[in-house]
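Peer 1: Sequence and predicted model, in that order:
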Amino acid sequence: MNIELTTINDKYVYALSAAADWLTVSEWALQVAEVFPDLLANADAQAAWLVKGF
């Protein structure tokens with residue numbers, strides 16, 4: 001990847017723009033996770049923290 005994507009929004013838009021056709025939200029989420037696995041790991045960690053009740 002030659003573009004510096006610094007914000008989560010940049011990464012979301014990049015993953016969406018890489019799609020060749022229409023996507024559902026769940027398909028887009030899978031695309032984001034494939035292109036940016038670090039975002040998935042961070043989201044999982046945040047979800048686990050919230051489930052524990054802070």
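Peer 2: That came through, no problem.
Peer 1: who touches the spatially most central residue of the chain in this structure?
Peer 2: By CA atoms, centre = their mean, the chain has its centre lying nearest to Val32, at 3.7 Å. Contact partners of Val32, counting by CB atoms under 8 Å, 6 or more residues apart in numbering, are Lys11, Tyr12, Ala15, Leu39, Leu40. Bear in mind the C-beta positions are built from the backbone N, C-alpha and C, glycine included.
Peer 1: what residue ranges in this protein score low on pLDDT?
Peer 2: Within the chain, the set of residues satisfying pLDDT under 70 comprises 1-2, 54.
Peer 1: can you give me the helices in it?
Peer 2: For the chain, the helices defined by DSSP state H cover 8-17, 25-35, 37-51.
Peer 1: Tell me how far the residue nearest to the centre of the chain lies from Gly53.
Peer 2: 27 Å (CB to CB, to the nearest Å).
Peer 1: just Ser17 next, same as before
Peer 2: 38 Å.
Peer 1: number of nearby residues for Ala29?
Peer 2: 16 (other CB atoms under 10 Å).
Peer 1: same question but for Ala15, I mixed them up
Peer 2: Neighbours around Ala15, by other CB under 10 Å: 21.
Peer 1: how about the nearest residue to it, chain neighbours excluded?
Peer 2: Nearest residue to Ala15, sequence neighbours excluded (CB to CB, 6 or more residues apart in numbering): Val32, at 4.4 Å.
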